[in-house]
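J.: Fold the following.
(chains A and B)
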2 protein chains.
Amino acid sequence: MGINEFAGQVKEASIKLAAMDEDQKNRALAQIARALVERREEIIRANQDDLARSEKENLAEPLLKRLKFDEAKINDVVDGINSLIELEEPVGKTLLATELDEGLELYKTTCPIGVIGVIFESRPDALVQISTLCLKSGNGVLLKGGSEAMSTNRILADVIIRATEEAGIPRGWLKLMETRAEVSEMLKLDEYIDLIIPRGSNEFVRYIMDNSRIPVMGHADGICHCYVDEEFDLDMAVKIVVDAKTQYVAVCNATETLLVHEKAAERFLPVLKEAMDKKQVELTGCPRTRVVIQVAEATEKDWQTEYLDYKLSVKVVDDLDEAITHINKYGSGHTDSIITGNEEKAARFMALVDSGNVFWNCSTRFSDGFRYGLGAEVGISTSKIHARGPVGLEGLVIYKYKLIGSGQTVAEYASREKTFKHKKLDKTFPL
Amino acid sequence: MGINEFAGQVKEASIKLAAMDEDQKNRALAQIARALVERREEIIRANQDDLARSEKENLAEPLLKRLKFDEAKINDVVDGINSLIELEEPVGKTLLATELDEGLELYKTTCPIGVIGVIFESRPDALVQISTLCLKSGNGVLLKGGSEAMSTNRILADVIIRATEEAGIPRGWLKLMETRAEVSEMLKLDEYIDLIIPRGSNEFVRYIMDNSRIPVMGHADGICHCYVDEEFDLDMAVKIVVDAKTQYVAVCNATETLLVHEKAAERFLPVLKEAMDKKQVELTGCPRTRVVIQVAEATEKDWQTEYLDYKLSVKVVDDLDEAITHINKYGSGHTDSIITGNEEKAARFMALVDSGNVFWNCSTRFSDGFRYGLGAEVGISTSKIHARGPVGLEGLVIYKYKLIGSGQTVAEYASREKTFKHKKLDKTFPL
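T.: Sure, this is the predicted structure:
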């Protein structure tokens, strides 16, 4: 069967899945969690095959690490599923209810988006996470994992498909693609796929974004900034910038560039450098930075680079507005933080920095669905429409307008025989 | 100056515009309304030039009609601006407030999307409508109108640019493109343009959708359906279907295909045909339809056609599920209505039909921002993400997460020295 037919089947199943109620979906999630535990030995064996093969093929160490799916990882994803079950049902919420006229009631209610295309590299846990998020939100899934994880993905998909079929979820709601050629096919299926969620390296995500007309939810780069204003508390500023840079360097919300007000540079930079030296962070700086501290010269390329490493570029700016302009030019719209004692400047920064997450006096590392208390994280989006910043289950739903009438026609209103009331109703969709 | 630089200027201005408050934007809107009235003679003269030239060039009659921008049209757009001023400010609303921990508060607040690309044919009123909607929602605008309306568009853009500059709106927030080559350039500017709103014929909108990676808000086809179930009230069904088809045939929410339950066909179709004959609607039907009433044969193509005319295709179906399947296959996800006395069937229809607007016992013609009471209509979207159905001002905003801290680092939470509270706050963003 070709990927087109596969996708058509997922679409068909997704329509039925959209009408499943909370209990049915939660029962299916519980069934997946049980099956993962029951079949854990089989899963681990398949993963060991993938690991052995990938080692032989000289897969890079970080990728091997991400590929590993052991008992601990299984427990993690099972925990994740159990918390997902506890979350509020995202489908069928009434967002708005209006009495257009007597016996003519309009409801805006949440519904699944339809079919989600998920393309991911290495990490088999992504397969379980995103599939269960899609199930909870009533979406069909077309999955494509990396070839290095082929055996693990195959068995995980099998576990999920069987468990959900047993639990009465429409057959065909999830399909696993296996060949690389299918990815490029998938990117063209805008007739069937409503949204693509890519999980992987920057280059990988950018490739997906550049090669599909289907909307993509995610982020390529995470070029995040801290800006230390002239009115700053030295201890706080050092503490925040060190955390933002070093608490975990390999993630998208780690800070890559530090901007410093020219009046703060002399007092702040030497202390920061000492702290960064201790963490073995390599600094590069603009000419004005290099007047104050001894660091290598930063080039234009540094401002555009997501190091994901113990590296930080530093630039001294004239004022807040230069900092904002720099961030809007070089940043990736992800997360940026201002450190200042001045409320007005904080407000200006938060209004004018065009990023999904704008912070005042705290580390950029806080931008994360779990830290935000969203309960589950679908991903972090730097898109300007639909969903932005850390995205929870609400990013996987859209809405429908449902209008309940009793024989009304537009002609009656066009002729002024009847007029609209547009009265807000305090009730939920009744059917 | 190239379109790239133009777009860069709009982007730059849009950042400042995003921080403008309600009063400033409303003052600018009032200024536009005043200027349109003051300069009405100049506008009408320019429009007469366009009309005369287009007539010579044999522009089709309906296009000439849409091109006309006279005193009445000016009054309409001025009325529109005045109601827009009265609408609730869409920017800066707090959607969510959470205390992550003591002194660490998260706010999710609405903000403009950024830069909207507006591409429209003929109707100069679209220029004023969409520009003012963008202004109210704090978005920059890159406009491209049809060459037939060049003089009218030029003066309208000039009116808006001068009026808003006088009112203190950042210079450069709106730019008018004039050549056709600029459209294809514009469709590539995903670095600057965040969303495209096309206004024009189906073919025109589809061309835009097929030729840009920038998200498009709108709809190409409007293939809407009425389904008459076996449990139906004859008078109501006839009245609704006649309204849905004939109240205004040239619009996207007019019904194009009627589906009839096989058990309803004999009683319903002859009465409907009589009513449709009176309105001079041409019917085509499937073989089972043609057993009951004398109509031409419908082909596969009929189910895929938006007539926008006094034509209706009719199909007899076995049951509700066949109707739903037909709609999901041939419909355009716009508006579909079920006529039935059975609540359960209505619920099933509204859950399973994958359209932005799903109706029970009323005409498809109701799907419209003004009828819905949205106050203003940006357009009707058949997209599955961001905004669906009739879209009001809320479709022109997105949100940002704003986090106010007091020196917090993630390391403190990772080490369990501190733990998150995630307490819902009942307050709005304080800055």
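
J.: Sort out which residues of the lowest-mean-pLDDT helix or strand in chain A are buried, please.
T.: Every helix and strand in chain A was compared by mean pLDDT, DSSP states H and E; the lowest is helix A:180-186, with a mean of 84. Applying a neighbour-count criterion of 16 or more other Cβ atoms under 10 Å in any protein chain shown, one finds A:Glu182, A:Val183, A:Glu185, A:Met186 buried in helix A:180-186. Placement of C-beta: from N, CA and C, glycine included.

J.: Look through the stretch 251-400 of chain A and state the residue closest to chain B.
T.: As assessed by Cβ to the nearest Cβ, chain B sits closest to A:Cys362 within the stretch 251-400 of chain A, at 2.8 Å.

J.: Phi and psi next, for that residue.
T.: With angles defined as degrees, to the nearest 10, A:Cys362 sits at phi -160, psi 170.

J.: Show me which positions of the helix or strand containing A:Met150 end up buried.
T.: Using DSSP states H and E, A:Met150 falls within helix A:150-166. Within helix A:150-166, the residues that count as buried by 16+ other Cβ under 10 Å are A:150-153, A:155-161, A:163-165.

J.: ok, back up a step: tell me who's in contact with the residue nearest to the residue of the stretch 251-400 of chain A closest to chain B when sequence neighbours are not counted.
T.: Closest residue to A:Cys362 apart from its sequence neighbours, by Cβ to Cβ, 6 or more residues apart in numbering or on different chains: B:Gly405 at 2.8 Å. For B:Gly405, the contact set (Cβ atoms under 8 Å, 6 or more residues apart in numbering or on different chains) comprises A:Phe359, A:Trp360, A:Asn361, A:Cys362, A:Ser363, A:Phe366, B:Gly103, B:Leu104.

J.: moving C-terminal of the helix or strand encompassing A:Ala30, what's the next helix or strand?
T.: Element membership for A:Ala30, per DSSP H and E: helix A:22-38. Where DSSP H and E defines the elements, the next helix or strand beyond helix A:22-38 is helix A:40-56.

J.: Tell me, what's the model's pLDDT at A:Ala60?
T.: On pLDDT, A:Ala60 comes in at 88.

J.: Sorry, wrong one. I was asking about A:Met1.
T.: 69.

J.: how about the buried residues of helix A:180-186 in CSV, adding distance to A:Asp235?
T.: Shown next, in CSV, are the buried residues of helix A:180-186 (distance: Cβ to Cβ, whole Å):
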residue, distance to A:Asp235
A:Glu182, 54
A:Val183, 49
A:Glu185, 55
A:Met186, 51
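
J.: just the helices in the stretch 151-300 of chain A please.
T.: A:180-186, A:202-210, A:234-246, A:262-278, A:287-292, A:300-303 (DSSP state H, counting those that start in this stretch).

J.: Distance to chain B added to those, as JSON lines?
T.: What follows is these, written out as JSON lines (distance: least, Cβ to the nearest Cβ, whole Å):
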{"stretch": "helix A:180-186", "distance to chain B": "16"}
{"stretch": "helix A:202-210", "distance to chain B": "8"}
{"stretch": "helix A:234-246", "distance to chain B": "3"}
{"stretch": "helix A:262-278", "distance to chain B": "12"}
{"stretch": "helix A:287-292", "distance to chain B": "23"}
{"stretch": "helix A:300-303", "distance to chain B": "16"}
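
J.: and those helices, which is most packed in?
T.: helix A:234-246 (a mean of 22; mean count of other Cβ atoms under 10 Å in any protein chain shown).
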